[in-house]
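Novice: could you work out the structure for the sequence below:
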Amino acid sequence: MSERPDPYAILGVSPDATPSTIRKAYHERARASHPDLIGDSGLAMMRSLNLAWDTLRDPVRRAAYDTSRRLAGPGGRTQPRRPAWTGAAG
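Specialist: The predicted structure follows:
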């Protein structure tokens, strides 16, 4: 199973970035790596940028992604859900 790249890292913004900051970062990086400007070497980067932008520009998709990040532990693996209190005497 391939691990999905972090859209925040691709765009170079923090997870608490505002929508306008995310938009600005996308446009700056897209201008710098657009295939029309730098040729075919920019195709892979533009695909990554577009996927990251598509995830973070929509508030619903961004919230879903952020939730999945919180549920994922180290290495991107989902941690089993455990109750905060099990009722066992300590």
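Novice: which parts of this structure are helices?
Specialist: Under the criterion DSSP state H, the chain contains helices at 7-11, 19-33, 35-38, 43-57, 59-71.
Novice: what's next to the one helix or strand in the chain whose mean pLDDT sits lowest, contact-wise?
Specialist: Between all helices and strands in the chain, the lowest mean by mean pLDDT, DSSP states H and E belongs to helix 35-38, at a mean of 82. Residues from elsewhere that reach helix 35-38, judged by Cβ atoms under 8 Å, 6 or more residues apart in numbering: 31, 41-43, 46. Heads up, the C-betas are built off the backbone N, CA and C, glycines and all.
Novice: rewinding a little: mean neighbour count, the helices of the chain: which tops it?
Specialist: Mean neighbour count (mean count of other Cβ atoms under 10 Å) peaks for helix 7-11 among those, with a mean of 20.
Novice: how far off centre is that one?
Specialist: Relative to its chain's centre, helix 7-11 lies at 5 Å (Cα atoms, centre = their mean, to the nearest Å).
Novice: can you tell me what sits against it?
Specialist: In this structure, residues lying in contact with helix 7-11 by Cβ under 8 Å, 6+ apart are 14-15, 17, 22, 25-26, 29, 48-49, 51-53, 55-56, 65.
Novice: if we go to 7 Å?
Specialist: Contact partners of helix 7-11, identified using Cβ atoms under 7 Å, 6 or more residues apart in numbering, comprise 14-15, 22, 25-26, 29, 48-49, 52, 55-56, 65.
Novice: can you check stretch 49-67 too?
Specialist: With contacts defined as Cβ under 7 Å, 6+ apart, stretch 49-67 is touched by 7, 10-11, 15, 22, 26, 29-30, 33.
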